[in-house]
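Colleague: Structure for this input, please:
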Amino acid sequence: MKTNHDVAAPRPLANRRLALLGALVLPCSLLQAQSHCAPPTHLATQEPFQSTHYYSAPGQNNAATPPIPQNLPAGYRGFLCLLDLTASVDVTVSQIDFAVIDDGHYRYTWGPAPGQSGGPGLIGQNAVVNVYTTPTSWVGQSQTPSAWTLVSTGTLTVAAHDQRSPAVFPPFVLPAGTYGLAFEVGPVTAVVPAITYMAPPYALHPFLLVGSFLPGAPLTAGDQFLSFAREDIVSQAFVNAPGPAPKNPIFDLHYTVGANSAYSTRYGAGCYDRPKAFYEVFPVSPAPFDLSNSAFRMSPSNGNYTVASTNSAIVASTTPALLNSAGGPMGDNGRTAALPLGFTFPYPGGSTTSIVVCSDGIALLDPALMGNLNFLPSVRSFLMGQPMLAPLSTDLDLRVSGSIHFDLDPSAQAAYVTWLNVPAWDILGSSNTFQIALFANGAVEYRYGACGTAKEPTLVGMTPGWSAHDPGMTDISAALPFTAGDGAVPPFLTMSARPVLGTTPDVVVGDTPVGAAGGVFLGGPIGPLELGFLGMPGCLQQITPLTFQFFLATGTTGSVPLAIPGNPVFLGMQITGQAVVVSPGSNAAGGTVSNPLCIRIGL
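Modeller: Numbering: from 1, shown residues only. Down below sits the predicted model:
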């Protein structure tokens, strides 16, 4: 880190705090408001939105053919999202985004006829959303309407299933404290002429997340001002009780805080961020899948993969179709029992002697740690779940046609998984043929025949899983050949608590090498200065340092205290922090830097 200030040996804690205070009060010109220093403005249960299921409404089953009576229960008020909320300050709410699937995209959700898919369904229609609170917690109160207080009513506008449906409210305040919160989302009551097989009201179908179908996904959410806990959802507001397995609702609460609120904001990036995962997401589109009738090979190289085109053809299977783990047909959303490879297969981050094959175009590399399966692929679930090979992760369905095969070639020390003429879910006549080839030396090939359109986005890639860092999307066909990352992770800088007047929170450095030494610089922001001239290429200095505090990491985390006086003169002051970490072997200088952190002192 370039600085004109000498770095003294570490001093006693009290003196270090005084040194920091002196730095804060001197160069006020460096401590002015920063455009990138803004507080959080929203908190989502899943960010970005991801889900595993949607909820059907009681008494409405428009998938039936011929139609059955489509009557909602008497007094039906809508579905109910439940959570316990803790707010550290008063927050003002003006919008809540929901995820609903009522655009006719699926044959269950307002298609043109029972059992058919196709829009526009309920797109553009409105529904009433009521917000309620109850003291302490919603637990035990979900069937007791009298326990709740109505705090606001808004209007939801139905959007397409892959977009957010906003509910807009007159601004209302959620006070500081802990209490139960409920969002009651009513049905659409207007007549929709295109829906000829029943009369309104039309219940909405919320997306939700069942944790067992997405191991590793967070089931709570929080930021500096708000936290969500005990999230659940019921299909009939204030009538049904939640089931034994929590079903997490998918929503995003937009809020603002008072002008004098204390907060910190991470921005920019540290060095180096080279994730081992890589992927491409193909949106639902009439355009051809650009990997059809091609193949690429992932060759191990120093713990990661070199990825290049290959002329390898799909090896014809000589084995019967695979069965699911219960011994039946693979069907829709099926998975096999563990399939022995006959060799140890090394991959970035681990090794395995068996795999689990899933009907939805993936192979899992850690059969001992299986959850249920998420048939709706998302980047977040791809990175957070277990190690995975994903040649064509999308919603496939073998109930009508297609098969999956597993072949071993002991002489070549190879194993092949072949999806043969497998249709996409809900697209009659579609067909996808592709293959994974695994080799004992750790190489993998994805081989594609003809692959058609899908009902859902398609993800192609490889991940070591378990909260793998996101490398950003790669256009695989355009990027070939390329080298995946070596797994380097940059240190990050954050705070243990909000920087409130009269408190002493810690400035925390995370993702350091085990036991690493380093220091936290505090000062004012500057434009990025590339540090290649110091032997740290790709690292950026983004502050003008005014003071320095040494740390020695415990495990992979280090911290330094930030003593904030209680004097109101410091209210609204903004300072910037950045850490430098000793990281032998990372570059010629043996050091890395963190992201910058804006710290705004307040109440």
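
Colleague: Enumerate every residue touching the nearest residue to G487 once chain neighbours are set aside.
Modeller: Once flanking residues are discounted, G487 sits nearest to K276: 4.7 Å by CB to CB, 6 or more residues apart in numbering. For every residue, glycine as well, the C-beta is placed using N, CA and C. Contact analysis of K276 by CB atoms under 8 Å, 6 or more residues apart in numbering lists 303-305, 348-349, 463-464, 468, 484-487.

Colleague: Next one: K276 from G186, what distance?
Modeller: 46 Å (CB to CB, to the nearest Å).

Colleague: and stretch 183-195, how far apart are its ends?
Modeller: 27 Å (CA to CA, to the nearest Å).

Colleague: which residues are in contact with it?
Modeller: 57, 72, 76-81, 96, 98, 100, 102, 110, 112, 120-122, 125-132, 156, 158, 167, 199-204, 206, 237-238, 249, 251.

Colleague: just stretch 283-298 next, same as before
Modeller: 162, 282, 305-313, 443-458, 460, 462, 476-477, 480, 484.

Colleague: rerun that using 7 Å as the cut-off
Modeller: Stretch 283-298 has contacts (CB atoms under 7 Å, 6 or more residues apart in numbering) with 282, 305, 307-310, 312, 443-451, 453-454, 456-457, 460, 462, 476-477, 480.

Colleague: Report the buried residues of it.
Modeller: For stretch 283-298, the neighbour count (16 or more other CB atoms under 10 Å) marks 289, 291, 294-298 as buried.

Colleague: quick one, helices of this structure?
Modeller: Along the chain, the segments classed as helices by DSSP state H run 13-25, 379-384, 476-479.

Colleague: Pick out the residue closest to the middle of the protein.
Modeller: Nearest to the geometric centre of the chain sits R380, at 3.6 Å (CA atoms, centre = their mean).

Colleague: coming back round to it: in PyMOL, how would I select just the buried ones from the contacts of stretch 183-195?
Modeller: Provided next is the PyMOL selection string for whichever of those are buried by 16+ other CB under 10 Å:
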select buried, resi 57+72+76+77+78+79+80+81+96+98+100+102+110+112+120+121+122+125+127+128+129+130+131+132+156+158+167+200+201+202+203+204+206+237+238+249+251
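
Colleague: Lowest pLDDT pick from the buried residues of stretch 283-298?
Modeller: Least confident of these in the model: F289, at 92.

Colleague: separation between A563 and D162?
Modeller: 48 Å.

Colleague: Could you list the low-confidence segments of this protein?
Modeller: Along the chain, segments meeting pLDDT under 70 span 1-35, 56-71, 107-108, 113-116, 215-216, 369-376.

Colleague: Look up the closest residue to A412, ignoring the ones flanking it.
Modeller: F439 (7.5 Å).

Colleague: Show me the domain layout of the protein.
Modeller: Here the domain parsing of the chain from automatic domain parsing is 13-38+264-272+488-600, 42-256, 278-483.

Colleague: tell me the contacts of L428?
Modeller: Counting by CB under 7 Å, 6+ apart, L428 has no contacts.

Colleague: That one and I233: what is the separation?
Modeller: 32 Å.

Colleague: Might one say that F238 is in contact with S146?
Modeller: No. Using CB atoms under 7 Å, F238 makes no contact with S146, being 9.6 Å away.

Colleague: Count residues in the vicinity of P565, would you?
Modeller: Residue neighbour count, defined by other CB atoms under 10 Å, stands at 15 for P565.

Colleague: Tell me what V188 is bridged to.
Modeller: Assessed by DSSP bridges, V188 has beta-bridge partners A127, Y202.

Colleague: distance of it from V158?
Modeller: From V188 over to V158 (counting by CB to CB), the distance is 7 Å.

Colleague: which residues are in contact with both of those two?
Modeller: 122, 125.

Colleague: ok, now which ones touch S261?
Modeller: By CB under 7 Å, 6+ apart, S261 lies in contact with 39, 89, 602-603.

Colleague: among those residues, who's most crowded?
Modeller: In terms of neighbour count, G602 stands highest of those at 22 neighbours, by other CB under 10 Å.

Colleague: correct me, but that one touches A262?
Modeller: Yes. G602 is within contact range of A262, at 3.5 Å (criterion: CB under 7 Å).

Colleague: Find residues that contact each of the two.
Modeller: V500.

Colleague: ok, and the most crowded of the contacts of K276?
Modeller: That'd be T463 among the contacts of K276, by other CB under 10 Å, with 29 neighbours.

Colleague: For D470, list the residues it contacts.
Modeller: 275, 379, 383.

Colleague: swap that for G154, sorry
Modeller: 129, 167-169.

Colleague: What of P348?
Modeller: So P348 contacts 276, 303-305, 464, 487 (CB under 7 Å, 6+ apart).

Colleague: rerun that using 8 Å as the cut-off
Modeller: 276, 300, 303-305, 462, 464, 484, 487.

Colleague: export the residues you listed to TSV and tack on distance to P193?
Modeller: Below are the contacts of P348 laid out as TSV (distance: CB to CB, whole Å):
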residue	distance to P193
K276	52
P300	59
G303	60
N304	56
Y305	54
M462	48
P464	51
A484	52
G487	56
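
Colleague: Among the residues you listed, which one sits closest to G270?
Modeller: G487 (14.9 Å; CB to CB).

Colleague: quick one: the closest residue to T45 other than its chain neighbours from S137, how far?
Modeller: Spatial nearest neighbour of T45, excluding adjacent residues (CB to CB, 6+ apart): A221 at 5.3 Å. In this view, A221 and S137 are 17 Å apart by CB to CB.

Colleague: Between the two, which is the more surrounded one?
Modeller: A221 (20 against 17).

Colleague: what sits opposite the nearest residue to S301 once chain neighbours are set aside in the beta ladder?
Modeller: Residue nearest to S301 in three dimensions, not counting chain neighbours: T483, with 7.0 Å by CB to CB, 6+ apart. Following DSSP bridges, T483 is listed with bridge partners T306.

Colleague: Wait, T483 touches G303, no?
Modeller: No. With contact defined as CB atoms under 8 Å, T483 does not count as touching G303 (11.2 Å).

Colleague: and the nearest residue to V129 once chain neighbours are set aside, what does it touch?
Modeller: Counting by CB to CB, 6+ apart, A167 is the residue found nearest to V129 once chain neighbours are left out, at 4.2 Å. Contact partners of A167, counting by CB under 8 Å, 6+ apart, are 95-98, 129, 154-157, 183, 185.

Colleague: one more time with 10 Å, if that's ok
Modeller: Residues in contact with A167 (CB atoms under 10 Å, 6 or more residues apart in numbering) are 95-98, 126-131, 152-157, 183, 185, 251, 254.

Colleague: Quick check: bridge partners of it?
Modeller: Beta-bridge partners, per DSSP bridges, of A167: I96, L156.

Colleague: ok, now how distant is it from T109?
Modeller: Counting by CB to CB, the gap from A167 to T109 is 19 Å.

Colleague: Could you do M573 as well?
Modeller: Going from M573 to T109 by CB to CB gives 52 Å.

Colleague: Show me where the stretch 501-603 of the chain has its strands.
Modeller: 506-510, 517-530, 540-552, 558-561, 574-582, 591-593, 597-600 (DSSP state E, counting those that start in this stretch).
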